[in-house]
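Asker: This is a predicted model, with the sequence first.
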Amino acid sequence: MGLVSGTGLADFGNQVTCCDIVSEKIDLLKQGEIPIYEPGLKELVDRNVQSGRLSFSSDIESSIRNSEVIFIAVGTPMGANGEADLKAVEAVAKTVAQNLDSYKIICTKSTVPVGTGARLHAIITEHAPQGAEFDIVSNPEFLREGSAVKDFLIPDRVVLGVSSEKAEKIMKDVYRPLFINETPMVITNIPSAEMIKYASNAFLAVKISFINEMANLSDKVGADIHTIAKAMGQDGRISPKFLHPGPGYGGSCFPKDTEALVHTGKKHGVKFQVVAAAIKANHAQRNVILEKAKELLPDMKGKRVAVLGLAFKANTDDVRDTPAYEIIKGLRAAGAEVRAYDPIAAANMKSFFFEDLQTFESVNETVKASDLVIVLTPWNELRGLDLEELKANMASPNVVDARNILSVDQLKALGFNYRNVGRSKV
Ligand code: UGA
């Protein structure tokens, strides 16, 4: 998020320095390499470095002194009890305070719980030189991994939580090209901006858990969840987006942000019953997929199961909170020999979760002599799977399509035993 935002801001015409305390990352960037997989990012970085508007530095102090607006884009991982861990954000605020040699805006892009702006104001006031002038701004980001560049350059809206006219004017200037394009701008106070981010992510998470539970019922009664979602989405009040059922949401955002929101609510004596239920349903959804696998292969002992897709979603190498983790764990616990494939996330899966996971370079190798295939990530490559070839490579034709990307008609015609999410009996 930091790299995409910094580069996007440079593309808007601002002079930007991207900083990190991990100097290896900065060194890579200086050599023109991108430390993460994000489509379109390398081209955007190259273009802005060449134009002279974008640079990288691990000298954080002087980068702060040379800037008028400082964006905080560090991680806010899940801490104890589900609350957001703000250690990194607070550490940055302290460093900024110690280098506050002229008026500056300190702007949070990291997802931070409501009240953090006020907390940062207090930290900076405590550590800054007497009488130093500054403003806090909240400017939450709505990037999705895999389409982050497009989301930044063509956003649905820009949210600015400000507490002074001066800060508002400067921030509008930072986003000038979007103003000219008439991108909707929501100018509000800091607590509202902070809450907009959590409200949006939590609502989307609720939508996913909702459609997953609808899909689970559809499987029992012979209904088709795709038709249901489509018809629901034709109601303008609902919208068709984020009504795709699957193995439950993962990634670095929804799981931690929903937990953090419930925690913030508790702190203020407010029950978030709907969001808490969405979290519970999401955990259970991993198990729903495992149960489908067990329906097709009741005794997994010594059986070969191929898992296709390890990333939490397509177009990313990110495996944080990926459904594949719990599902592989469950398959192994049932005695299966698990083989796995992902076009780019296999290395991350091995280094973060299963050092001994057998991964392969192609789908064909992975599925060889397998008794069951589970499709877990909706990569385009998997959407185009040759099902005839798949069947020929397998020992027995059992497929769980946890993303509903394989043609039911073809699966039927080829004589597969299959399960999907919400269309298994259609
Ligand atoms: C999410 C939000 O969509 C972004 O707006 C937000 O900026 C970001 O979190 C963040 O807070 O930084 P991201 O986690 O990258 O973005 O990915 P999404 O596309 O939202 O998908 C999240 C999870 O939900 C994935 O596991 C995906 O497979 C799942 N999903 C999504 C579904 O199961 N069904 C759907 O219909 C949509």
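Answerer: Structure's in. What do you need?
Asker: I'd assumed Ala347 was in contact with Leu310.
Answerer: No: assessed by C-beta atoms under 8 Å, Leu310 is found out of contact with Ala347, at 9.7 Å. Placement of C-beta: from N, CA and C, glycine included.
Asker: Looking at these two, which one has more neighbours?
Answerer: Shown here are Leu310 and Ala347; by other C-beta atoms under 10 Å, Leu310 has more neighbours (31 against 13).
Asker: Name the SS class of the more buried one, please.
Answerer: coil (DSSP: H, G, I helix; E, B strand; the rest coil).
Asker: What's the local residue count around the closest residue to it other than its chain neighbours?
Answerer: What sits nearest to Leu310 in space, not counting adjacent residues and going by C-beta to C-beta, 6 or more residues apart in numbering, is Asp342, at 3.8 Å. Residues lying near Asp342 (other C-beta under 10 Å) number 27.
Asker: what do you get for Ile208?
Answerer: Residues near Ile208, counting by other C-beta under 10 Å: 21.
Asker: Are the longest helix along the chain and the ligand in contact anywhere?
Answerer: Using DSSP state H to define each element, the chain has its longest helix at helix 190-221. Yes: interface with the ligand: helix 190-221 contributes 201, 204, 208 (C-beta under 6 Å from any ligand atom).
Asker: Just give me how far the worst-scoring helix or strand of the chain on mean pLDDT sits from the chain centre.
Answerer: Every helix and strand of the chain was ranked by mean pLDDT, DSSP states H and E. The lowest is helix 176-180, at a mean of 92. Averaging C-alpha positions (C-alpha atoms, centre = their mean, to the nearest Å) puts helix 176-180 26 Å from its chain's average.
Asker: Over to stretch 224-231?
Answerer: 25 Å.
Asker: Using CSV, list the CA coordinates for it.
Answerer: The C-alpha trace of stretch 224-231 is given here as CSV (Å, rounded to 0.1, in the frame of the first residue of the first chain):
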residue,chain,number,x,y,z
ASP,A,224,-28.1,-21.9,-7.9
ILE,A,225,-26.2,-19.3,-5.9
HIS,A,226,-25.0,-17.5,-9.0
THR,A,227,-28.5,-16.9,-10.2
ILE,A,228,-29.5,-15.8,-6.7
ALA,A,229,-26.6,-13.4,-6.4
LYS,A,230,-27.2,-12.0,-9.9
ALA,A,231,-30.9,-11.3,-9.2
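Asker: Same question for that stretch: list its buried residues.
Answerer: Using 16 or more other C-beta atoms under 10 Å as the test for burial, stretch 224-231 gives 224-226, 228-229.
Asker: so who does Pro191 touch?
Answerer: Pro191 sits next to 114-115, 117-118, 161 when contact means C-beta atoms under 8 Å, 6 or more residues apart in numbering.
Asker: what's the answer for Leu9, then?
Answerer: Applying C-beta under 8 Å, 6+ apart, the residues near Leu9 are 16, 71, 174.
Asker: Tally up the residues packed near the last one, please.
Answerer: Burial of Val174 is recorded as 23 neighbouring residues (other C-beta under 10 Å).
Asker: List the buried residues of stretch 38-47.
Answerer: For stretch 38-47, a neighbour-count test (16+ other C-beta under 10 Å) marks 38, 41, 44-45 as buried.
Asker: how far out from the middle of the chain is it?
Answerer: On C-alpha atoms, centre = their mean, the centre of stretch 38-47 falls 19 Å from that of its chain.
Asker: rewinding a little: which among the contacts of Pro191 gets closest to Pro397?
Answerer: Val114 (51.5 Å; C-beta to C-beta).
Asker: Specify the local secondary structure of that closest one.
Answerer: Quick answer, by three-state DSSP: Val114 is coil.
Asker: Who are the contact partners of it?
Answerer: Contacts for Val114 were tallied using C-beta under 8 Å, 6+ apart; they are 191, 194-195, 198, 264.
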